[in-house]
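using only what follows, build the 3D model:
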Amino acid sequence: MYRPVSGTLFFSENEIAEALGVSRLTTNRAVKTLIERGCLTRERGQRARLCALHGLPIVHMGELLSIGQTARNGGVLLDTELVDRGKLEVPYCYVKQALGLSPKGMVVHLTRTLSTGGQGVLTVESFLPSPSFDGLLTCGTDAFQEDLYVVMQKVAGIGPARVEREVWASRASSSIASVLHLLPWDPCLRIRSLTYDSDETPILMCDSWLSSLGCTLTSSLTRGDRIE
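Below you'll find the model as predicted:
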């Protein structure tokens, strides 16, 4: 499968202008923006070249593993920052319905950012029913360097048995873009998951935004594999 290689020559500004039917000034600005964002590099008098992006290949859709764990299994070093946590009455109706909460039901809410090489690649909002997971509010922040499924098992003694996931194309809001080093409304992948325990009780809903820079979702299946 083709992957862009760091150092490969990028299209010239004339080639871009001709192919897209735009002015040279427009293409010059676009290339400068890509250089500022670390996607390209250029020495004086030379054509731009592709930079080394922090690739994050994720074998995700066929395994009961979190995004972070599948990335780590692939040899990608990830750092997790716990941006926020608290206990609240969740404002999103779809979360209440998915977790089977009453209208005044409370959840433990976590916001985490995963990065590699200093580049934010994923931000995740997690919702877990209270009081089952209230222990996540008081455990040390270092605990979240581990996979959330592992932390849930250690803190509450409850782990995943099944997960449902949806993936679709989206655009980064201003707040998400600032975390993932994107421009507002840049394309990103939206991943929503609902995790169940062995009794088929929903225990975790996650909303994730995956950077479009250097990140791919991959799956390798053989005959007889089954994904539901």
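
how does the protein divide into domains?
For the chain, automatic domain parsing gives the domain ranges 13-50, 56-218.

list the residues that contact T141.
L82 (C-beta atoms under 8 Å, 6 or more residues apart in numbering). Where you see a C-beta, it was placed from the backbone N, CA and C, and this is true even at glycine.

how close does it sit to D84?
Taking C-beta to C-beta, to the nearest Å as the measure, T141 falls 11 Å from D84.

one more: E146?
As judged by C-beta to C-beta, E146 and D84 stand 18 Å apart.

burial count for the residue lying closest to R192 once chain neighbours are set aside?
Setting aside the residues directly before and after it, R192 is nearest to E166 in space (C-beta to C-beta, 6 or more residues apart in numbering), at 4.9 Å. By the other C-beta atoms under 10 Å criterion, the neighbourhood of E166 contains 9 residues.

so E166: helix, strand or coil?
Each residue gets one of three states, and E166 gets strand by DSSP: H, G, I helix; E, B strand; the rest coil.

ok so, going back, and E146 and D84? Which one has more around it.
Taking neighbours as other C-beta under 10 Å, E146 and D84 compare with E146 leading, 15 against 9.

distance check, the more buried one against L78.
Using C-beta to C-beta, we find E146 at a distance of 11 Å from L78.

low-confidence stretches in the chain?
Of all residues in the chain, those with pLDDT under 70 make up the ranges 1-6, 52-65, 67-68, 70-76, 213-228.

try it again with 80
For the chain, the stretches with pLDDT under 80 are 1-8, 36-39, 50-78, 91, 116-120, 181-184, 212-228.

what ranges do the helices span in it?
Defined through DSSP state H, the helices belonging to the chain, from first to last, are 13-20, 24-36, 67-73, 93-99, 148-156, 174-180.

of these, which is nearest V121?
Set against V121 and scored by C-beta to C-beta, those come closest in helix 174-180, at 7.0 Å.

so what secondary structure elements neighbour the closest one?
In terms of contact count using 3 or more C-beta pairs under 8 Å, 6 or more residues apart in numbering; DSSP states H and E, helix 174-180 is assigned the packing partners strand 119-129, strand 202-211.

got the angle between the longest one and helix 148-156?
The reference is to strand 119-129. Strand 119-129 runs at 40 degrees relative to helix 148-156, counting by axes from the mean of the first three to the mean of the last three C-alpha atoms, to 10 degrees.

likewise for the last one?
Our comparison of strand 202-211 with helix 148-156, counting by the same axes, to 10 degrees, yields an angle of 150 degrees.

partner strands of strand 202-211, with direction?
Strand 202-211 has the following sheet partners, assigned by DSSP bridges: strand 119-129 (antiparallel), strand 187-196 (antiparallel).

out of these, nearest to Q97?
Of those, nearest to Q97 by C-beta to C-beta is strand 187-196, at 10.3 Å.

give me the contacts around the closest one.
60, 67, 98, 149, 160-172, 176, 180, 182, 202-212, 215, 217.

returning to that earlier point: give me whichever of the domains of the chain is most buried.
Comparing the domains of the chain by mean neighbour count (mean count of other C-beta atoms under 10 Å), domain 56-218 comes out on top with a mean of 17.

compare the helices and strands packed on helix 174-180 and give me the one nearest G21.
Relative to G21, the nearest member of the helices and strands packed on helix 174-180 by C-beta to C-beta is strand 202-211, separated by 29.1 Å.

contacts for the closest one?
Outside strand 202-211, the residues touching it (C-beta under 8 Å, 6+ apart) are 56, 67, 95, 98-100, 119-129, 132-133, 148, 152, 158, 160, 170, 172, 176, 180-182, 188-197, 217.
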